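Peer 1: next come a sequence and a model predicted from it.
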Amino acid sequence: MKTVAIVGATGLAGEKLTALVANMPNVRVRLFGENSVGRKICVRNKSVVVESCENLLCPPPDYALFMSPNDVSAKYVPKAAKKGVVCIDNSSVFRLKKGVPLVVPCINGDEARGSTLIANPNCSTIQVAIALNALKQLCPTRLLAVTYQSASGAGREGLNDLTEQRGYGKLKSFRHPIYDNLIPMIGEVTRDGYTEEEQKLKNESRKILELPRLKVNSFCVRVPVSVCHGAFVNVAFKNKFTLDEVRALLGNAPDVLLLDEPKCGLYPMPLQLRNTKYVGVGRITKDTTANAINFFCVADNLLRGAAYNAYEILLCKMREEKCL
């Protein structure tokens, strides 16, 4: 029996991941947290106590999945990996480090082979990359992505800022109220004026898709939606194409749900994609100014964009080690 540790188990994404891992046969689950030590979580009808991260390597688990903030991952992932623990990390600490695979299993799952540290990409990057990968044979040359990211992307307090309609003086996660508002900034502003979230989408998509010369422009907005991120995507290609060809490629792609009948009111929305592993793609149109297309994609940021991707990486590693 293999032991799987989940660090950050009581966060929004951590809860989703715990539910997924709990259904795996022949797996012992250990839960870890920083602010929830001692809490009891029901896993397969048994009560599991959340442990301090200081106990993570006592004894070392076989696999450790980190749904934790950057500082926690930075502290514990190197120690665990050094002990031979297979670490799957959802923070941004290791994503762009040379030698660390940045994996979306339906795109580049083979990259995880032989690695004891695998990085889980940013939530909005995952959904855009999955959709774009379906069109890779058309040779993308330029990507423009404008994201509409839900409040839960900022964690439980971000979701509470929305659902409790917190205003100035009561906010726990955002600089401005998110209820009935739009905030055109996610993360800190970098030297070139783009935000950290925008830089993640640019740099991570290039690495995942192995398109280092892809021109990427991104803009990220926080919107008053509880769960699911949306993204307007404009992609220019080197190769000529037809919209029928584009729809066929997307419709046949793994984990893509083609929802593209706008005259019938069928297009991707959070209400459809919430609690699913799919990236919904629709509103596909030809960009008349270039050899390019527009589309809108939506995915559950907690499940598809975090927990499920980490779970799929875990499955890849367990199959590699013939544990499944």
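Peer 2: Right, received. Where do you want to start?
Peer 1: and the helix or strand hosting C316, what's buried?
Peer 2: Assessed by DSSP states H and E, C316 sits inside helix 308-320. Using 16 or more other Cβ atoms under 10 Å as the test for burial, helix 308-320 gives Y308, N309, A310, Y311, E312, I313, L314, L315, C316, K317, M318, E320. (Each C-beta comes from the backbone N, C-alpha and C, glycine too.)
Peer 1: run the chain-centre distance for that helix.
Peer 2: Centre-to-centre, helix 308-320 and its host chain are 14 Å apart (Cα atoms, centre = their mean, to the nearest Å).
Peer 1: got it, and stretch 237-253?
Peer 2: Taking Cα atoms, centre = their mean, one finds stretch 237-253 lying 24 Å from the centre of the chain it belongs to.
Peer 1: can you dump the C-alpha atoms of that stretch in CSV for me?
Peer 2: Output of stretch 237-253 as CSV, limited to C-alpha atoms (Å, rounded to 0.1, in the frame of the first residue of the first chain):
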residue,chain,number,x,y,z
PHE,A,237,-1.4,30.4,-37.1
LYS,A,238,1.3,29.9,-39.7
ASN,A,239,-0.9,27.3,-41.6
LYS,A,240,-4.1,28.0,-43.4
PHE,A,241,-7.3,26.5,-41.9
THR,A,242,-11.0,26.4,-42.1
LEU,A,243,-13.4,26.8,-39.1
ASP,A,244,-14.7,23.3,-39.7
GLU,A,245,-11.2,22.0,-39.4
VAL,A,246,-10.7,24.0,-36.1
ARG,A,247,-14.0,22.6,-34.7
ALA,A,248,-13.0,19.1,-35.6
LEU,A,249,-9.6,19.4,-34.0
LEU,A,250,-11.2,20.8,-30.8
GLY,A,251,-14.0,18.3,-30.8
ASN,A,252,-11.6,15.4,-30.9
ALA,A,253,-9.2,16.7,-28.3
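Peer 1: tell me which residues in that stretch are buried?
Peer 2: Here stretch 237-253 shows F237, F241, V246, R247, L249, L250, A253 as buried, counting by 16+ other Cβ under 10 Å.
Peer 1: quick one: mean pLDDT over that stretch.
Peer 2: Per-residue pLDDT over stretch 237-253 has a mean of 98.
Peer 1: now do stretch 164-181
Peer 2: On average, stretch 164-181 scores 97.
Peer 1: show me the contact partners of it.
Peer 2: Residues outside stretch 164-181 that contact it (Cβ atoms under 8 Å, 6 or more residues apart in numbering) are 151, 154-155, 157-158, 160-162, 183, 185, 222-224.
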